[in-house]
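A.B. asks: coordinates for the following, if possible.
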Amino acid sequence: MTVPPYSKSTLLLMLLLTSSTTVGVKAFGLTSSNTRKRSIPWNAMGFRHAQGRDIIASPVVVHMSATASTDAQPGQTETQAPGFIETALRSAAMKLHTKEQAPREGQAESKPRAEPYVPTIEDYLRFLVDSKHVYEAFEEAVQCEKYPELAVLWNTGLERTVPLESDIQQLVKEFDLVRPPVGQKGMEYANEIREMIVGGKGTVPEFICHYYNFYFAHTAGGRMIGKQMSALLLNNKTLEFYKVRRL
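C.D. replies: Below is the predicted model of the structure:
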């Protein structure tokens, strides 16, 4: 029989498929412990004689074994020692899990679950007061004459001090509350923003990072919080703070 002019790579593949060599699965990055056999007819693989006849009529059986070594004795299986993830790392992780989380291996002491905190209208009012104070610092910064490039961030429709003041006054009146002072955290962050631009202790890129994070946190995730507080405390009323006009 005349052998057609196949390439070297094709002939090598043909040799492997027709041999009785056991191909180790590990050579392909697999970890199966089962030996698999699959019959692949030559015609299914497209190896045909020049005259259209199959080179070999009988199917080729490919053996894929979980053992890469050809020296393994019958009945012997290769075992691997446990790795770092199964020993040290798992042991450390189980020390942080309770029996409720990991019934078989958990070691941490179970603690009684605290009742979730339910915000009050007073809490919400303090949040609005602190937010207004921080927004004032940002609006003051973008109007600073030292950095005229920041002027593009003024009068964009994202300004929140006026709507916040309206909401604060409305809640104080409606719920007969006393307007709280600005909290420590709100005061500290507003001072940091002012010092960054007005005080000249920062840079414009640094300020923009804070501006982007604060403004868009409130216009994205902050609006979801607003809906939850509205449903919990305000009978689903939407505050002016969350009504942003189209830009």
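A.B. asks: mind listing what's buried in the host helix or strand of residue 230?
C.D. replies: Element membership for residue 230 (DSSP states H and E) is helix 221-233. Residues of helix 221-233 classed as buried: 222-223, 226, 229-230, 233 (neighbour count, 16 or more other Cβ atoms under 10 Å). Bear in mind the C-beta positions are built from the backbone N, C-alpha and C, glycine included.
A.B. asks: ok, residue 163 - how many residues close by?
C.D. replies: 18 (other Cβ atoms under 10 Å).
A.B. asks: excluding chain neighbours, what is closest to it?
C.D. replies: Leaving out its chain neighbours, the residue that sits closest to residue 163 by Cβ to Cβ, 6 or more residues apart in numbering is residue 240, at 3.8 Å.
A.B. asks: the one you found: how many residues sit nearby?
C.D. replies: Neighbours around residue 240, by other Cβ under 10 Å: 14.
A.B. asks: what's the answer for residue 121, then?
C.D. replies: By other Cβ under 10 Å, neighbour count at residue 121 equals 15.
A.B. asks: show me the domain layout of this protein.
C.D. replies: Following automatic domain parsing, one gets these domains for the chain: 13-65, 121-242.
A.B. asks: hey, least reliable of those by pLDDT?
C.D. replies: Lowest mean pLDDT within the domains of the chain: domain 13-65, at a mean of 41.
A.B. asks: pull the contacting residues for the closest residue to residue 153 other than its chain neighbours.
C.D. replies: Among residues not flanking residue 153 along the chain, residue 142 sits closest, at 4.2 Å (Cβ to Cβ, 6+ apart). Taking Cβ atoms under 8 Å, 6 or more residues apart in numbering as the contact definition, residue 142 lies against 150-151, 153-154, 211.
A.B. asks: now with 6 Å, please.
C.D. replies: 150, 153-154 (Cβ atoms under 6 Å, 6 or more residues apart in numbering).
A.B. asks: for PyMOL, what selects the buried ones among those?
C.D. replies: Selection of the buried residues among the contacts of residue 142 in PyMOL, burial being defined by 16+ other Cβ under 10 Å:
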select buried, resi 150+153
